[in-house]
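Q: below are the sequence and a predicted model; questions follow.
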Amino acid sequence: MSAHLTLHDLDQRLRGAGLRPTRQRRDLAGLLYGDGDRHVTAEVLHREAVEAGVKVSLATVYNTLHQFTEAGLLRQVVVDAQRSYFDTNTGHHHHFYNTADQELIDIPGDHVAVGSLPTPPDGMAIEQVDVVVRISPNDDR
């Protein structure tokens, strides 16, 4: 766990989101929030947990990430059918997705303008618009 967040800080963050601060949730939250905003896949977080000596299965990592997302602690960014990232920055913003190195890069929310949106079906309201701009290295270097 990073020196930036104490166990008390993590417990408060989890309790504030309506989650009981179990050992595994604390350990994973410490890895997620220890060094500022980041984008992480379940597989990367599982590898980091194992390297940190946290005994946790990949299934538990997936379940915890989804619990954190449902509680508003994370935002899930789906880039394709096989890959999604979990973003610790839950504020309004968008992403570049570098297809060459599979990296997400934040775009400030006010840097993207969506010209018009369709009218949602009756009884529905637009909740949020997420923009993922796919990029790759320019071969004209």
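A: Received, thanks.
Q: got a list of contacts for the helix or strand of the chain with the lowest mean pLDDT?
A: Among the helical and strand segments of the chain, the one scoring lowest on mean pLDDT, DSSP states H and E is helix 7-16, with a mean of 85. Here helix 7-16 makes contact (C-beta atoms under 8 Å, 6 or more residues apart in numbering) with 1, 20-21, 25-26, 29-30, 33, 73. Using the backbone N, CA and C atoms, a C-beta is placed for each residue, glycine as well.
Q: stretch 94-113 too?
A: 37, 39, 77, 79, 83, 85, 87, 89, 91-93, 130-137.
Q: list only buried entries from those.
A: 39, 77, 79, 85, 87, 93 (16 or more other C-beta atoms under 10 Å).
Q: surely the fourth one is in a strand?
A: Yes - looking at Tyr85 with DSSP: H, G, I helix; E, B strand; the rest coil, it is inside a strand.
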